[in-house]
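J.: What follows is a predicted structure for the sequence shown.
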Amino acid sequence: MGEAIDIKSLIRTIPDYPKAGILFRDITSLIEHPAGFRESIKQLAAPYRDKGFTHVAGIEARGFIFGAGLAIELEAGFIPIRKSGKLPGETIGQNYALEYGVDTIEVHADAVGPNDHVLLIDDLIATGGTAIAAVNLLRRTGAKVTDAAFVIDLPEIGGAEKLRAHDIEVKCLVSFEGH
Ligand code: AMP
């Protein structure tokens, strides 16, 4: 057995990115670490093994990195949730509010349906706005959506609690104080 890997210590913080006052929690330092990346996928997958998830849905773009590994671990398919205009087939879209303005995420209309159980994944949950929009979007396909996983929680912002209020069980590997 190797040394225990401390995932939190492998996530670096870049102050004032993308704008002043933000502490950007950067997962590139985690995923470039071979044992750290592998361990994060193992820990993400552990609660969901043999639970019947047919698909993992990852939110563009960092949710794709963890989502792909998680889908392989769970022997599930992978569904990309993308920014508008990126998917080539027929899509359904969901708007959500940003600090200034609104954004849209999309999924292929035929990607999942009523016979599917989808696990949502992203690198980080802050306000929860993106994840709640993704849950609403996936539920509109008829798929069952009960769980969401994140590498990082920022509990002071409260997004995970908001997501739980939408009947989603939320699990995060690490949490950071502050915004
Ligand atoms: P939210 O919709 O507010 O929960 O924001 C979540 C999305 O924004 C995720 O896809 C994150 O990758 C990104 N994000 C928000 N805040 C941060 C932060 N402090 N550091 C890194 N990524 C962030």
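T.: On my side now, so go ahead.
J.: could you show me where the helices are in the chain, in order?
T.: Secondary structure of the chain by DSSP state H: the helices cover 7-10, 28-31, 34-45, 62-74, 129-140, 159-164.
J.: Name the residues of the longest one that are buried.
T.: If I follow you right, that is helix 62-74. Under the neighbour-count criterion of 16 or more other Cβ atoms under 10 Å, helix 62-74 has 62-71, 73-74 buried. Where C-beta positions appear, they are placed from N, C-alpha and C, glycine not excepted.
J.: Let's have the helices of the chain in a markdown table, adding distance to Leu120 and mean pLDDT.
T.: Converted to a markdown table, those look like this (distance: least, Cβ to Cβ, whole Å; pLDDT from 0 to 100):
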| stretch | distance to Leu120 | mean pLDDT |
| --- | --- | --- |
| helix 7-10 | 20 | 98 |
| helix 28-31 | 19 | 98 |
| helix 34-45 | 12 | 98 |
| helix 62-74 | 8 | 98 |
| helix 129-140 | 6 | 98 |
| helix 159-164 | 9 | 98 |
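J.: Between those, which one is closest to the ligand.
T.: helix 129-140 (3.4 Å; Cβ to the nearest ligand atom).
J.: Tell me the helices and strands packed up against the closest one.
T.: In this structure, helix 129-140 makes packing contacts with strand 55-59, strand 77-83, strand 91-97, strand 102-108, strand 117-125, strand 144-153, helix 159-164, judged by 3 or more Cβ pairs under 8 Å, 6 or more residues apart in numbering; DSSP states H and E.
J.: rerun at 7 Å
T.: With contacts taken as 3 or more Cβ pairs under 7 Å, 6 or more residues apart in numbering; DSSP states H and E, helix 129-140 sits against strand 55-59, strand 91-97, strand 102-108, strand 117-125, strand 144-153, helix 159-164.
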